[in-house]
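Visitor: got a sequence here, can you build the structure:
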Amino acid sequence: MLRSRSAINARAPADLAALPDETKEAQPMKRHRYVIGASSAAALAAFAWLALPGVSAAQTSGNSQGANSNSSIPHYGHIIEIMMENQTYGTIIGNPLAPNLNRLANTYGLATNYFGVTHPSEPNYVANVGGSFFGIQDDNQFYCNPAYAAANPTDTTCAGTTVDHTIHAQSIADQLTAAGKTWKGYFQNLPPTPTSLVMTGPNANGPYTFKWPSSAVALYADKHNPFVNFVGTQNDLASMVPDTQLFADLANNQLANYSLVVPDQCHDMHGTGTCGNLNQLVSLGDTYVGNLVDAIMGSNAWLRGNNAIVITWDEDDFSDAGQTGTGCCGADPGGGHVATIVITNQGAQHIADGTAYNHYSLLKTMEEAFGLPFLAHAGDANVPAMTPLFNTGNQQ
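Guide: Numbering: from 1, shown residues only. From the prediction side, this is the model:
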């Protein structure tokens, strides 16, 4: 299952999104199976193939709350989060077009009752790192606010803006920096950074580009880059890099403590001009994730200390938007039921955890793992940490 560092060097960056050849599975390790928070029958049923909300309880608090001194989540050296897009739990789990994702879900940890916190994409990305969606309920540009929208009616990327999309509260990236730790965002098809950066207006460029290379074929969309929303990170260009940089960082033992990997819209299952078929999107995304996870697990960084990979989706496909039961933990209606897979480096075992979780739960868990205080709704009493999936004590 774990490969030498040479396996990373042998894989070219371009291979990340390539369709895989038929490969031999590694010898499976002895597994122990657990079902947490649900009956065995319910957990098995969760694997079957299945064919605008009100504002949730998550509002604008940006305050940090004290970390849980009684946390049973051990310290983690590295957590790599892979954020996928707009698919329901049932579209992924059990789908034969997603063999890599289902292999990982059946081998490692699977949160069977995990939810986005709202719709559409941008507020979920912001909430994922900031503990709140700060009132954002659209995918407008990060610099939009009501005054700018009124003064610049020709900038359609700010049409209908009702709240400030530039956030002055902390994100987990700010917390990590303050604690002497590191973070990095890896973005597939990140636009090149020009000599003269433009951060606002229709000509915004670099990581601030609304859609790139065009509106019709928007491989990169900055609504999927939450670091541009937060004032503490939006100017840190060195920490917002192409996804191919991950290969070099793994090979050179320069992996950040927290990494957010965002595939482009053909490989995150969202879709854009050249890729809109659902089956195609699922297959492309599955291949991307499979190659990425192989690269991470084959690195020396993966072998040292406690490390985890989290694969999640920002929200579902909007098919049940606005309905109760589409969220949890104080954010219901939420962003819908999505798959979330947790892989740790403590060995292969399957854990199906039926506890109700959302993006605030994941943020709380990562903050506990890094010894950080809780941000905003990550500190709410009704937001559980994902302890069974991250507690290596369960994996002995």
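Visitor: got a list of what residue 179 touches?
Guide: 370, 371, 372 (CB atoms under 8 Å, 6 or more residues apart in numbering). In short, each C-beta sits where N, CA and C put it, glycine included.
Visitor: looking at the residues you listed, which are in helices?
Guide: Within the contacts of residue 179, residues falling in helices by DSSP state H are residue 370.
Visitor: buried ones only from the contacts of residue 179, please, as a ChimeraX command.
Guide: Entered in ChimeraX, the line below selects the buried ones among those, by 16 or more other CB atoms under 10 Å:
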select :370,372
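Visitor: adding distance to residue 107 and pLDDT, write the contacts of residue 179 out as a markdown table.
Guide: Putting the contacts of residue 179 into a markdown table (distance: CB to CB, whole Å; pLDDT from 0 to 100) gives the following:
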| residue | distance to residue 107 | pLDDT |
| --- | --- | --- |
| 370 | 25 | 98 |
| 371 | 29 | 98 |
| 372 | 29 | 98 |
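Visitor: can you add distance to residue 86 and give the contacts of residue 179 back as CSV?
Guide: CSV is the format used below for the contacts of residue 179 (distance: CB to CB, whole Å):
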residue, distance to residue 86
370, 28
371, 33
372, 29
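Visitor: where in the protein is pLDDT low?
Guide: Residue ranges of the chain with pLDDT under 70: 1-71, 392-396.
Visitor: so the residue nearest the centre of it, which of the three states?
Guide: Central residue of the chain (CA atoms, centre = their mean): residue 83, 2.9 Å from the mean position. Under DSSP: H, G, I helix; E, B strand; the rest coil, residue 83 falls in the strand class.
Visitor: what about the nearest residue to it once chain neighbours are set aside, how many neighbours?
Guide: Using CB to CB, 6 or more residues apart in numbering and skipping the chain neighbours, the partner closest in space to residue 83 is residue 262 (5.4 Å). Neighbour count of residue 262, defined by other CB atoms under 10 Å: 27.
Visitor: is residue 262 bridged to anything, and to what?
Guide: Applying DSSP bridges to residue 262 gives these bridge partners: residue 187.
Visitor: the one 10 residues further on too?
Guide: When assigned by DSSP bridges, residue 272 has beta-bridge partners residue 275.
Visitor: I'd guessed it sits against residue 217; true?
Guide: Yes: Residue 272 lies in contact with residue 217 (CB atoms under 8 Å); the separation is 5.7 Å.
Visitor: how much space between residue 381 and residue 367?
Guide: To residue 367, residue 381 is 15 Å away according to CB to CB, to the nearest Å.
Visitor: okay, these two: which has more neighbours?
Guide: Neighbours per residue, other CB under 10 Å: of residue 381 and residue 367, the larger number sits with residue 367, 26 against 7.
Visitor: helix or strand for the more buried one, which one?
Guide: helix 359-370 (DSSP states H and E).
Visitor: residue 230: neighbour count?
Guide: The number of residues near residue 230, taken as other CB under 10 Å, comes to 24.
Visitor: in stretch 93-106, which residues are buried?
Guide: Quick answer for stretch 93-106 (16+ other CB under 10 Å): 93, 95, 97, 98, 100, 101, 102, 104, 105, 106.
Visitor: please save the CA atoms from it in CSV.
Guide: The C-alpha coordinates for stretch 93-106 follow below in CSV (Å, rounded to 0.1, in the frame of the first residue of the first chain):
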residue,chain,number,x,y,z
ILE,A,93,-20.9,5.6,-3.2
GLY,A,94,-21.7,2.3,-5.1
ASN,A,95,-21.2,3.9,-8.5
PRO,A,96,-19.1,1.5,-10.7
LEU,A,97,-17.8,4.6,-12.6
ALA,A,98,-16.0,5.6,-9.4
PRO,A,99,-13.9,2.5,-8.6
ASN,A,100,-11.0,4.4,-6.9
LEU,A,101,-13.3,6.4,-4.6
ASN,A,102,-15.3,3.3,-3.7
ARG,A,103,-12.1,1.3,-3.1
LEU,A,104,-11.0,4.0,-0.7
ALA,A,105,-14.4,4.3,0.9
ASN,A,106,-14.4,0.5,1.5
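Visitor: show me the strands in the stretch 1-150 of the chain, by range?
Guide: Ranges of strands in the stretch 1-150 of the chain, per DSSP state E, counting those that start in this stretch, are 33-36, 64-65, 78-84, 109-115.
Visitor: quick one: the last one to helix 359-370, angle?
Guide: The one in question is strand 109-115. 140 degrees (axes from the mean of the first three to the mean of the last three CA atoms, to 10 degrees).
Visitor: just checking, what packs against strand 109-115?
Guide: With contacts taken as 3 or more CB pairs under 8 Å, 6 or more residues apart in numbering; DSSP states H and E, strand 109-115 sits against strand 337-344, strand 350-353, strand 357-358, helix 387-390.
Visitor: please apply the same query to the third one.
Guide: Judged by 3+ CB pairs under 8 Å, 6+ apart, the packing partners of strand 78-84 are helix 121-130, strand 258-262, helix 278-297, strand 307-313, helix 359-370.
Visitor: any chance of those in a markdown table, with distance to residue 346 too?
Guide: Formatted as a markdown table, those follow (distance: least, CB to CB, whole Å):
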| stretch | distance to residue 346 |
| --- | --- |
| helix 121-130 | 24 |
| strand 258-262 | 19 |
| helix 278-297 | 12 |
| strand 307-313 | 9 |
| helix 359-370 | 13 |
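Visitor: re earlier: pretty sure the residue nearest to residue 83 is in contact with residue 268, am I right?
Guide: Yes: the criterion here is CB under 8 Å, and residue 262 meets it with residue 268 at 6.9 Å.
Visitor: would you mind measuring from residue 112 to residue 176?
Guide: 29 Å.
Visitor: repeat for residue 280
Guide: In terms of CB to CB, residue 280 sits 36 Å off from residue 176.
Visitor: residue 388 now?
Guide: For residue 388, the distance to residue 176 - CB to CB - is 24 Å.
Visitor: list the contacts of residue 389.
Guide: 109, 111, 342, 351, 353, 365.
Visitor: just the buried members of those?
Guide: Buried residues within the contacts of residue 389, counting neighbours by 16+ other CB under 10 Å: 109, 111, 342, 351, 353, 365.
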